[in-house]
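> just need the structure, nothing else, for what follows:
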Amino acid sequence: MGSGDDLRLLRAYEPVARFTEGEYFFPVSVEHYVRHASLWRNDPGSSPLQVAGPGDLCLDTLAAAGGAEQGLGFSLSGIGTGEKHAHIPLRDRPPHLKRSSRLASVGLTARLVDTLNRFSLLFRGSVPGGSAARSFLLQRDHLDTPRPTYYGRVLRDDPWIVCQYWFFYSFNNWRSAFGGVNEHEGDWEQVTVFVDANGFTDGRLPAPSWVVFSAHDEVGDDLRRRWDDPDLTVDGGRHPVVFVGAGSHSGAYLPGDYLITVRPPRLRGLVDALRWSARLLAPWSAEDQRIVGIPYVDYARGDGRAVGPGQPEQWNPVLIDDETPWVRDYRGLWGRDTRDRLGGERGPAGPRYGRDGTVRQAWADPVGWAGLAKVVPDTAAEQRLVELRTQKDRDLLARLDTEIAELRQDLTVAAAGLPASSPEVRALAPQEEKLLDLRMERTRLADELHRAANAVPLPPQHPHTHLLHRRLPLEQTAGFLGRARSWWSVLSTPLILLAIGAVVSPRSFSGLSFSGQETALGLLLVLLLVEGFVRGKLLAVMLRLLLACVAVLALAFLWLDGLYVLTFTFFASALLVLLVNVREATRR
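Residues are numbered from 1 along each chain as shown. This next block holds a predicted model:
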């Protein structure tokens, strides 16, 4: 098939993108972006070096400008590296988005992690203030936003036909505009549609089987949704609707506000330790085990601009593949390289590569990336594969019978006429173990064949059966409790940190007397009780505090009268062992 067929397929399954009102940035042409961007070399330990200025580059010369390493260690930037401030004129600013309280939706442990992340921006590489405004002005004046662009690729990986739609945004203003966890120049996102290659009959285009949207906290099977999934909105029978996160540009299947937590790789050990402590100490541990990390709300409401089939604005498609020069030959970043140690503030690599220059799994093996390598697209193909597996099992069973018979004969021949205690017979133990293993494998295989022979067709599986985690929008808490939780999430973390500091600080430093520290400890207990009330876990918090007091008293008793406690422990243990032994003896 040629490029015309690929374009026809891409057009047939084009997604509809519904943005959130208040979004600043939309998919733009990389050709226009490169034309107005500069190219920078980023060597460790030295300041960025400009290799080419605005107007010096085009897509055809981009890879050559990156040198022999195909731009690895280079970055494109439409805003440069200066610290100049900029602002968006009031007439051009998007409507204000009413936010949800991201901190109100998570427990105390997750809020502490968020505090650490905010503090880390002081020493991490981060995008300087005004960067989003400069990118917005670049987009407005030069990047042709009236014609939203996607870069489409078609891959044939039997039995699947894969249609990938890649979208480039000149900036991700998630943190500064929408309270997200990071911010960076440049953003690549995608939608991938999987179609059964055997479904094309009589020139008709079948409905897709699966779809994947870009998501920041999903991997493998959790990435994809079946075409008949009730969470998936389909327009015109073949066009999936993606609800785009404000600023983050991730994709959601249902419109709404999503609570997501990020665990940066370099903080994963700390986050795991906090999860363990939450499980041990916190009454809301089941919640914190899952969401301890850096919390944020992803606004994917779909109440703003809409682009795609049947919408006022249509896509401008551009075909790409492994032979497209700028895709294949440029491995650098598409956005300013801030050298952020945690990675969240750095520009992304292109659709084919990761930041380290290796090919993305989503590009090299989209079927395996989405967990579809083990999935059969249709029932007829599945039945053929079941019959093939059954025949292979029968053949293997026949080979096992032959091997078992031969090994058994070898054993009897080797032991014939010899005493059972002779060294020669005892040396046959490994062969006996092998015979046992073969018989166990034969029994397992025979049972599997019996089940296959008597199997009944599986009932239709629910579209969510394959999911380990189903991503759903936040349920907003209304009324007084919702407002209280929102304000408490803002005030509680600094108040609790202050109380802890007052409790543990030396009196000479804090100026507190012993009674003052007792007061601080009492305030800390009150704050924890309020936390429990706001989270709906007041009784559980009180129980934890009671157990903590008992543990402290026990430790104090051990510290003061340790020898008495140790002696009592040994006496009690001796009595317990005696009772157990007597009980066992009387049962004989």
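
> would you confirm that Ser209 contacts Pro377?
Yes: Ser209 lies in contact with Pro377 (C-beta atoms under 8 Å); the separation is 5.4 Å. (Each C-beta comes from the backbone N, C-alpha and C, glycine too.)

> joint contacts of these two?
Taking C-beta atoms under 8 Å, 6 or more residues apart in numbering as the criterion, Ser209 and Pro377 both touch 160, 196.

> what does stretch 324-331 rub up against?
30, 34, 59-60, 62-63, 66, 69-72, 151, 320-322, 349-353, 357.

> now do the SS call for Glu403.
Three-state assignment for Glu403 (DSSP: H, G, I helix; E, B strand; the rest coil): helix.

> okay, strands next: where are they in the stretch 151-300 of the chain?
160-172, 184-196, 210-213, 224-226, 234-235, 239-244, 251-252, 256-262, 294-300 (DSSP state E, counting those that start in this stretch).

> where does pLDDT dip in the stretch 401-550 of the chain?
476-518, 520-521, 523-524, 527-528, 531-538, 540-541, 543-545, 550 (pLDDT under 70).

> quick one, helices of it?
Counting by DSSP state H, counting those that start in this stretch, the stretch 401-550 of the chain has these helices, from start to end: 423-426, 429-453, 479-504, 507-510, 514-534, 538-560.

> out of the contacts of stretch 324-331, list just those in helices.
Residues of the contacts of stretch 324-331 located in helices (DSSP state H): 30, 34, 59-60, 62-63.

> of those, closest to Met542?
Val30 (58.1 Å; C-beta to C-beta).

> just the pLDDT for that closest one.
pLDDT recorded at Val30 is 95.

> ditto for Asn172
On the pLDDT scale, Asn172 gets 94.

> would you mind checking the contacts of stretch 324-331 for buried ones?
By neighbour count, with 16 or more other C-beta atoms under 10 Å, the contacts of stretch 324-331 hold 30, 34, 59, 62-63, 66, 70-72, 151, 320, 349-353 as buried.

> lowest pLDDT pick from the residues you listed?
Among these, Gly66 has the lowest pLDDT, at 78.

> now that one. Nearest residue, chain neighbours left out?
Phe74 (5.1 Å; C-beta to C-beta, 6 or more residues apart in numbering).

> touching, that neighbour and Ala37? I think so.
No: the pair Phe74 / Ala37 is not scored as a contact, 11.3 Å apart, by C-beta under 8 Å.

> which of those two has more neighbours?
Comparing Phe74 with Ala37 by neighbour count (other C-beta atoms under 10 Å), the higher total belongs to Ala37, at 29 against 24.

> ok, now which ones touch that one?
54, 57, 76-78.

> give me the subset of those residues lying in strands.
Under the assignment DSSP state E, these contribute 76-77 to strands.

> closest to Ala414 out of the contacts of Ala37?
The closest of the contacts of Ala37, once distances to Ala414 are taken by C-beta to C-beta, is Leu76, at 73.7 Å.

> and stretch 20-27, how far apart are its ends?
14 Å (C-alpha to C-alpha, to the nearest Å).

> report the rounded mean pLDDT for that stretch.
94.

> again, but for stretch 185-201
92.

> make residue 1 into 766 and carry on from there
Taking 766 as the first residue, the last one we looked at is stretch 950-966.

> centre of the chain to it, how far?
19 Å (C-alpha atoms, centre = their mean, to the nearest Å).

> just the C-alphas of it, formatted as CSV.
Only the C-alpha atoms of stretch 950-966 are listed here, as CSV (Å, rounded to 0.1, in the frame of the first residue of the first chain):
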residue,chain,number,x,y,z
GLU,A,950,8.7,23.9,26.5
GLY,A,951,7.5,21.5,23.8
ASP,A,952,5.1,18.6,24.3
TRP,A,953,4.5,15.5,22.2
GLU,A,954,1.3,13.5,22.7
GLN,A,955,-0.5,10.8,20.7
VAL,A,956,-3.6,8.8,20.0
THR,A,957,-3.2,5.2,18.6
VAL,A,958,-6.0,3.2,17.0
PHE,A,959,-5.7,-0.6,16.4
VAL,A,960,-7.8,-2.1,13.6
ASP,A,961,-8.2,-5.8,12.8
ALA,A,962,-6.4,-6.4,9.5
ASN,A,963,-8.8,-9.2,8.7
GLY,A,964,-11.8,-7.0,9.0
PHE,A,965,-11.3,-5.3,5.6
THR,A,966,-13.8,-7.0,3.3
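
> let me see the domain layout of the chain.
768-1134, 1144-1218, 1242-1300, 1302-1353 (automatic domain parsing).

> can you tell me the average pLDDT over stretch 971-988?
On average, stretch 971-988 scores 87.

> first to last residue in it, what's the distance?
From its first residue to its last, stretch 971-988 covers 22 Å (C-alpha to C-alpha).

> give me the buried positions along that stretch.
For stretch 971-988, by 16+ other C-beta under 10 Å, it's 971, 973-983, 986-988.

> what are the contacting residues of stretch 1183-1193?
Outside stretch 1183-1193, the residues that reach it (C-beta under 8 Å, 6+ apart) are 1176, 1179-1180.

> ok, of the residues you listed, which come out buried?
Judged by 16+ other C-beta under 10 Å, buried ones among the contacts of stretch 1183-1193: Leu1176.

> columns distance to Leu997 on top of the contacts of stretch 1183-1193, output as CSV?
Formatted as CSV, those follow (distance: C-beta to C-beta, whole Å):
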residue, distance to Leu997
Leu1176, 60
Ala1179, 65
Ala1180, 66
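
> closest to Asp771 among the contacts of stretch 1183-1193?
Among those, and counting by C-beta to C-beta, the member closest to Asp771 is Leu1176, at 62.7 Å.

> next, the contact list for the closest one, please.
Going by C-beta under 8 Å, 6+ apart, Leu1176 touches 1193, 1196-1197, 1200.
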